[in-house]
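Visitor: Quick one, fold the following:
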Amino acid sequence: MFKIQTLNNISVAGLERFPRDRYEIASEMNKPDALLLRSFNMHNLELPATLKAVGRAGAGVNNIPVDSCTKLGIPVFNAPGANANAVKELVLAAMLLSSRNIVQAWDFTRQLNGSDEEIDKLVESEKKKFLGIELAGRTLGVAGLGAIGVKVANAALSLGMKVIGYDPHITVSNAWQLHSDVKGVSSMSEVLASSDFVTVHVPLVAETTNLIDSKRLGKAKTGITILNFARPGIADEEAILQAINSGKVRAYVCDFPSNRLKDHPKVISLPHLGASTSEAEENCAIMVADQLRNYLEFGEIKNSVNFPDMHLPQGNAHRMLVANANVPHMIERISAAVSNANINILDMLNRSRGEVACTLLDLQEPAPQAVIDEISAVKGVLKVRVLDLK
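Guide: Predicted structure coming up:
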């Protein structure tokens with residue numbers, strides 16, 4: 001029986017992926033095998049000694065202590081692309097809201113007083129204040145061509161926009177999905193200098209922190225609109241504020257309200273709505289639940305942010321999973337411990353990712369505790385798990 005602790009409300013569709021005869025699921029429990037969450041901040045949470053995996057029903061993992069998990073041999077799973085359509089639709093809505101000054105116009109009409117005739121006169125005299133621009137013919141710059149960025153870029157073409165894209169790390173899979181009319185550029189500065197609208201869809205890492213800063217904004221096209229539905233630290237708020245006040249930036253739309261920007265008339269701040277649709281929540285929960293199941297039951301890894309993908313056909317065998325530091329001689333030491341116990345290795349898979357490596361071994365008979373202890377004692381071994389596939 002595996003124990004799953006939920007740290008947030010998780011879609012029922014996702015929870016139903018765990019068979020109740022093999023899984024116990026609760027928001028409060030002792031000794032969980034896995035943690036399942038959405039936005040819960042785990043950084044101040046003591047990781048249980050029994051923890052084998054963490055599942056994030058979403059894409060970003062800034063709320064999870066990934067490095068600490070890695071050192072303990074705990075893979076962190078997420079759901080890349082499961083919320084991509086939801087974010088894409090909100091980005092398109094944000095472009096329309098900002099280009100036509102819809103939020104400001106709505107605020108104006110809600111404050112109107114008087115008779116209908118008086119309101120009509122006020123509307124006709126004041127509507128020029130909300131003069132907007134059309135999207136067709138304008139250039140959208142997309143920074144980050146992952147699952148979301150590709151969908152946004154392709155959708156913008158259907159609105160009659162010109163689209164340029166920047167992503168030095170684009171995958172082959174995403175490149176195939178990108179429409180051929182999207183023009184690639186080689187720098188963020190070029191995106192800002194060439195675009196009427198810029199939307200960012202990148203993870204928050206050292207390379208992308210303050211990706212939009214005062215230096216790059218100085219080269220931006222005057223009247224640009226910037227949309228940030230990725231992470232707050234990607235845009236330097238002080239630089240954004242100065243650029244808005246100088247007239248360089250026409251509008252800033254973000255999914256992360258802050259005291260510095262939320263009340264500015266040219267800023268639209270939304271309460272982190274990017275993936276807040278019932279469909280996205282369900283998709284994310286189902287994807288990460290399936291990944292947790294496959295890891296807990298079979299030792300298979302897919303869509304982990306800190307461990308390599310691992311897939312070994314599920315045969316009629318006793319399986320062992322070893323997570324270790326990616327250093328020389330590990331496979332030799334692991335296989336020696338098994339063979340010295342006169343246990344036949346039927347199949348084996350080894351993969352690495354950065355400083356971490358994993359080995360899956362299918363054994364003809366169960367490994368005795370002495371073998372498990374011997375492998376666990378090897379310097380650099382992070383975790384050893386035994387799974388019975390029979």
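Visitor: okay, which residue is most central for the chain?
Guide: By CA atoms, centre = their mean, the mean C-alpha position of the chain lies nearest to A59, the distance being 2.1 Å.
Visitor: OK, contacts around that one?
Guide: By CB atoms under 8 Å, 6 or more residues apart in numbering, the contact set of A59 is 78-83, 275. Just so you know, the C-beta spots here come from the backbone N, C-alpha and C atoms, and that holds for glycine as well.
Visitor: Then A53?
Guide: By CB under 8 Å, 6+ apart, the contact list for A53 reads 33-35, 74-77, 292, 295-296.
Visitor: residues of the top helix by length along the chain that come out buried?
Guide: Across the chain, the longest stretch assigned as helix under DSSP state H is helix 278-298. By neighbour count with 16 or more other CB atoms under 10 Å, helix 278-298 contains the buried residues 280-298.
Visitor: Do a quick rundown of the helices in this structure.
Guide: So, for the chain - with DSSP H - the helices run 12-15, 66-71, 84-99, 102-110, 116-126, 147-158, 172-177, 188-194, 214-218, 237-246, 278-298, 330-339, 369-376.
Visitor: Output the ones you listed as a markdown table; include the columns mean pLDDT.
Guide: Putting those into a markdown table (pLDDT from 0 to 100) gives the following:
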| stretch | mean pLDDT |
| --- | --- |
| helix 12-15 | 97 |
| helix 66-71 | 97 |
| helix 84-99 | 98 |
| helix 102-110 | 96 |
| helix 116-126 | 95 |
| helix 147-158 | 98 |
| helix 172-177 | 96 |
| helix 188-194 | 97 |
| helix 214-218 | 97 |
| helix 237-246 | 98 |
| helix 278-298 | 97 |
| helix 330-339 | 96 |
| helix 369-376 | 97 |
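Visitor: Nearest to R138, out of the ones you listed?
Guide: helix 84-99 (8.0 Å; CB to CB).
Visitor: Tell me the gap between the closest one and the middle of its chain.
Guide: Centre-to-centre, helix 84-99 and its host chain are 18 Å apart (CA atoms, centre = their mean, to the nearest Å).
Visitor: same question, stretch 356-363
Guide: The chain centroid and the centroid of stretch 356-363 are separated by 27 Å under CA atoms, centre = their mean.
Visitor: can I have that stretch written out in PDB, keeping just the CAs?
Guide: As requested, the backbone C-alpha atoms of stretch 356-363 are provided in PDB (Å, rounded to 0.1, in the frame of the first residue of the first chain):
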ATOM      1  CA  VAL A 356      22.400  12.300 -11.100                       C
ATOM      2  CA  ALA A 357      22.300   8.800 -12.500                       C
ATOM      3  CA  CYS A 358      19.800   6.000 -12.200                       C
ATOM      4  CA  THR A 359      20.000   2.300 -12.800                       C
ATOM      5  CA  LEU A 360      17.100  -0.100 -13.100                       C
ATOM      6  CA  LEU A 361      17.900  -3.800 -12.700                       C
ATOM      7  CA  ASP A 362      15.500  -6.600 -13.300                       C
ATOM      8  CA  LEU A 363      16.700  -9.600 -11.200                       C
END
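Visitor: circling back to that earlier point, now, of the contacts of A53, which are buried?
Guide: For these, buried by 16+ other CB under 10 Å: 33-35, 74-77, 292, 295-296.
Visitor: Quickly note the distance from the residue sitting furthest away from the middle of the chain to T225.
Guide: Computed with CA atoms, centre = their mean, the residue of the chain farthest from its C-alpha average is E117, at 50.7 Å. Applying CB to CB, to the nearest Å, the value for E117 to T225 is 36 Å.
Visitor: Leaving out sequence neighbours, find the closest residue to R351.
Guide: In space, and not counting its chain neighbours, R351 is closest to P308: 3.8 Å by CB to CB, 6 or more residues apart in numbering.
Visitor: Assess the claim that the one you found and S352 are in contact.
Guide: Yes - using CB atoms under 8 Å, P308 makes contact with S352 at a distance of 5.8 Å.
Visitor: Show the contacting residues for the nearest residue to G299 once chain neighbours are set aside.
Guide: Excluding its sequence neighbours, the residue lying closest to G299 (CB to CB, 6+ apart) is L321, at 3.9 Å. Residues in contact with L321 (CB under 8 Å, 6+ apart) are 299, 358-361, 383-387.
Visitor: check contacts around K183.
Guide: By CB under 8 Å, 6+ apart, the residues touching K183 are 162-165.
Visitor: hmm, try it at 7 Å
Guide: Taking CB atoms under 7 Å, 6 or more residues apart in numbering as the contact definition, K183 lies against I164.
Visitor: What separation do you get for it and L346?
Guide: 51 Å.
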